[in-house]
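Asker: Fold the following.
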Amino acid sequence: MGFASQAPTDSTIMAASTNPLASPDDWDAAFNSAFPAFFESIMVPNQTWVGGDDVMVPPELSAMIPEQGDWIGSSSIFDIDFSLAIDKAMDPLPAAVPMRTDEVDINGKEQQRTMKPNESARQRHSIFLEDSPWLWMPGSGSNAFSEHNRIQVDERSMNLAASPHTPHAPSVAIPDDLSSQSRDRIFQLVIKTANSQISVPTFPSNECLELLLKVGITKRLETDAWIHPYTFSSDNTRTELLVALIAAGCVCFGDPSISRTGLVLLEIARVALASASEEDNSSVRDLQYLQASMIWLDVCGFCGYKRKMEIAESNLQPVITALRRFGKLDKVAYEEISPSASDSTKVTEALWRRWAQQESFKRLVYHLFEHDMLMTIARHRQCLISYAELTVPLPASRDLWLAPSAETWRALYLENMSRASNTRTSSVSLRSLLSTNDMVQFLPRNIDRTLAATTFLYGIAAQIWEYNQQATVLKEQANGGDPSNTLWLQARQHSLSQKLRDFEPSLANLPATTRLIHAFLTMILNIDIDTVMRFAGKCGELEAHRAYHDLQVWVKGKSARVAVWHAAQAMRAAKAVPPFQLRGADSFVTYHAVMVLWTYGMLCRDSARRTGTNTPASSHRRTSPPGLLRTQSVKQVVLDDIKDESTDVFVHTGDGRPCIRFPDGRICELRNPSSVLAVGSAILQANCPTETRDGMPQLIKSLCTLMDDLGNLR
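Answerer: Have a look, this model is predicted:
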């Protein structure tokens, strides 16, 4: 079955893939080889496909993601010497760290199954469903505190001298000091929530908790800040929010031991928040309650542990519902709060605090929308907030938000108003940005332009999700359906593509993670991610075979090359993300981009074996002899670089040998799918330059292991 042949050695493949002087014959000989048995069995014409019986199935993501943490045992999470790791947190990163591209984590190998001869395709399909990250069965006895049952404080090991995240906001000096009364409240909440499930012989000191608390607040300021640092008072803050901020501070350190402490405290915050809403339902309208909920949703939504990720995903809806029923998604819930030069100090102070409370709601709403969209595009599920319902005025500028006092705030506010255009701040919302494409380029001075641009991009993401859902439904229509539907889809795709192109000038002033999302959105306008994942084996052999035939049509068209170009650009943006910042939804997005390139490479190899051409596009339009065309098309085209003439030629005609680069600069041909996966794994690992595989964030570790195992599938 299939086109099995003598498999080349890894050195032969790598030599052809990375050698720009390799001849066309050498290159084709290296790549026109056997696929892993699973893909040999599915990449055949419909009329000959019967399913294989003795194949090793591709690894699935859920097989790599643990249900719970791996720190269960008798040692305490607080009984660890953090001082060494934290003292080193401020050390500069090494200029260059050698990157192993052949490192393979053996922890997930037992998840690969060699199918017995008598197992049918239906049985294999069932096994895939059992392994799916969206369909999994929690282990018996699993609960919030089954991961750890002892919290013990050893003050000698808690010499927290510094944090690696404080340099991100060096100008922010949070004036609050954690009182002993607040520490007692935190301790009481831990005991009350955990009940008899954990023991706490000692508890961290005020100094330790205060440092973690301030790190947690500072971390919120890095991008779309939504907790106001200068009106924050621990004595007047809900205990659940204090615990959540301390937990976030633990996770932000990046050290595995400290991060585990944060994950346990987040479980305490989650259970305590649920109890608070049961005891007093009005608490769900409290800003601090909602902020505490958002923190644990942020951290646990992409923490890399299936149980926590599922709970975080399912608990997003109650927070959205609470804000919606509170009216906070609509502009009518907000008022213009404007200071005057004649206001007294007392009046100005009161206005500032009321303004900060209102701005906190605005920023929380838009952060929640961003989180919802990240869950949608990373986990491939329906979004919960409609972009059309968000008439919330865009938040005020960052300098106003971070004004350290009421007097400074008033001076900045009046200065901005004197320079502002006639556009009223209260009239600019996500809905208005999406209705007028060029408005995002000409925002009033007193609006947070970075947050507005990012929000606009996620608004486009919501529209792209809508488009893809419509395209999926219309694709199922018999005989092509109504031709007007096809015209509508084409027009809508063109419109969304134009919006993304118009947004490109704004990218220069935005973080690399935003450029990553932008490239990813253009990519998914031209390829269905669900089809890619099914082809990779997510839903079993039968679905992989069906996806293969859908992709055969896709790979011959320009849309495939546009998708591949932007997937490579997403990987380029991922390389530019600062160290230890590629750990949440961004890592999922990077993984999906890698899988699109891998899929294209698999289909290119399949086409080369069948037609003797470099790309499916070449075979689709070939009019000259195969040898002549192949010789003309051997130039390597590096896709994860600045666009040039060669990339334009490849996108429009398919000519050239598409390549990407390892982080160390080595070239990888897309027709070497295993090396493409190695590049993806290397990019994620390079974002944790001082860590071994075991010391990386769990989600990064799981994704790297998955790509390694898929690349090593035989």
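Asker: Lowest-scoring secondary structure element of the protein by mean pLDDT?
Answerer: helix 83-87 (a mean of 36; mean pLDDT, DSSP states H and E).
Asker: what about the residue nearest to residue 351 when sequence neighbours are not counted, neighbour count?
Answerer: Distances taken as CB to CB, 6 or more residues apart in numbering place residue 339 nearest to residue 351, at 5.2 Å, with adjacent residues excluded. Using the backbone N, CA and C atoms, a C-beta is placed for each residue, glycine as well. With neighbours defined by other CB atoms under 10 Å, the count for residue 339 comes to 20.
Asker: Make sure residue 339 is actually in contact with residue 410.
Answerer: Yes: if you go by CB atoms under 8 Å, residue 339 and residue 410 touch, sitting 4.3 Å apart.
Asker: which residues are common contacts for those two?
Answerer: Counting by CB atoms under 8 Å, 6 or more residues apart in numbering, the contacts common to residue 339 and residue 410 are 348, 351-352.
Asker: By neighbours, which of these wins?
Answerer: residue 352 (23 neighbours).
Asker: where's it relative to residue 410, distance?
Answerer: 7 Å (CB to CB, to the nearest Å).
Asker: SS state for residue 637?
Answerer: Secondary structure assignment for residue 637 (DSSP: H, G, I helix; E, B strand; the rest coil): strand.
Asker: Make 276 the starting number, not 1.
Answerer: From this message on, residue numbering opens at 276, which makes the last subject residue 912.
Asker: circling back: list just the nearest of the shared contacts of residue 614 and residue 685 to residue 551.
Answerer: residue 627 (28.2 Å; CB to CB).
Asker: So residue 522 is in contact with residue 537, correct?
Answerer: Yes: if you go by CB under 8 Å, residue 522 and residue 537 touch, sitting 4.2 Å apart.
Asker: any residues in contact with both of those two?
Answerer: residue 574.
Asker: sorry, back to before: now the shared contacts of residue 614 and residue 685 in JSON lines, with secondary structure?
Answerer: As requested, the shared contacts of residue 614 and residue 685 are arranged in JSON lines below (three-state DSSP):
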{"residue": "623", "secondary structure": "helix"}
{"residue": "626", "secondary structure": "helix"}
{"residue": "627", "secondary structure": "helix"}
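Asker: Show the pLDDT at the residue most central in space within the chain.
Answerer: The residue lying closest to the centre of the chain (CA atoms, centre = their mean) is residue 860, at 1.3 Å. Residue 860 carries a pLDDT value of 92.
Asker: who's in contact with it?
Answerer: 576-577, 649-650, 652-653.
Asker: Residue 914: which of those is nearest?
Answerer: residue 652 (21.2 Å).
Asker: Test my guess that residue 912 contacts residue 933.
Answerer: Yes: counting by CB under 8 Å, residue 933 is a contact partner of residue 912 at 5.3 Å.
Asker: which of these two has more neighbours?
Answerer: Neighbours were tallied for residue 912 and for residue 933 using other CB under 10 Å; the higher tally belongs to residue 933 (27 against 22).
Asker: any residues touching the helix or strand where that one lies, and which ones?
Answerer: In this assignment (DSSP states H and E), residue 933 forms part of strand 932-936. With contacts defined as CB under 8 Å, 6+ apart, strand 932-936 is touched by 302, 836, 839, 843, 846, 872, 875, 889-890, 908-916, 925, 942-946, 951, 954.
Asker: Out of the residues you listed, list just those in strands.
Answerer: 911-913, 942-944 (DSSP state E).
Asker: so how far is the helix or strand residue 807 falls within off the chain centroid?
Answerer: Using DSSP H and E, residue 807 falls within helix 804-810. Taking CA atoms, centre = their mean, to the nearest Å, one finds the center of helix 804-810 at 18 Å from the center of the full chain.
Asker: ok so, going back, which one of the contacts of residue 860 is nearest residue 586?
Answerer: residue 576 (9.4 Å).
Asker: who's in contact with residue 599?
Answerer: Residue 599 sits in contact with residue 664, where contact means CB under 8 Å, 6+ apart.
Asker: how does it look with 10 Å?
Answerer: Listed by CB atoms under 10 Å, 6 or more residues apart in numbering, the contact partners of residue 599 are 605, 640, 659-660, 664.
Asker: between the residues you listed, which has the most around it?
Answerer: residue 640 (26 neighbours).
Asker: Which secondary structure state is assigned to that residue?
Answerer: helix.
Asker: do the same with residue 663
Answerer: helix.
Asker: follow-up on the earlier one: farthest-separated two in the contacts of residue 599?
Answerer: Checking the contacts of residue 599 with CB to CB, the most distant pair is 605 and 659, at 16.3 Å.
Asker: Am I right that residue 543 is in contact with residue 517?
Answerer: No: Residue 543 sits out of contact with residue 517 when judged by CB atoms under 10 Å, with a separation of 11.1 Å.
Asker: related to what we said a few turns ago, which ones among the contacts of residue 860 are found in strands?
Answerer: Per DSSP E, the contacts of residue 860 never map to strands.
Asker: and which of those is nearest to residue 565?
Answerer: residue 576 (15.6 Å).
Asker: Can you name the residues that contact the closest one?
Answerer: 583-588, 590-591, 646, 649-650, 653-654, 859-860.
Asker: Look up how far residue 914 lies from residue 922.
Answerer: Residue 922 is 6 Å from residue 914, by CB to CB.
Asker: what's the answer for residue 757, then?
Answerer: Counting by CB to CB, the gap from residue 757 to residue 914 is 36 Å.
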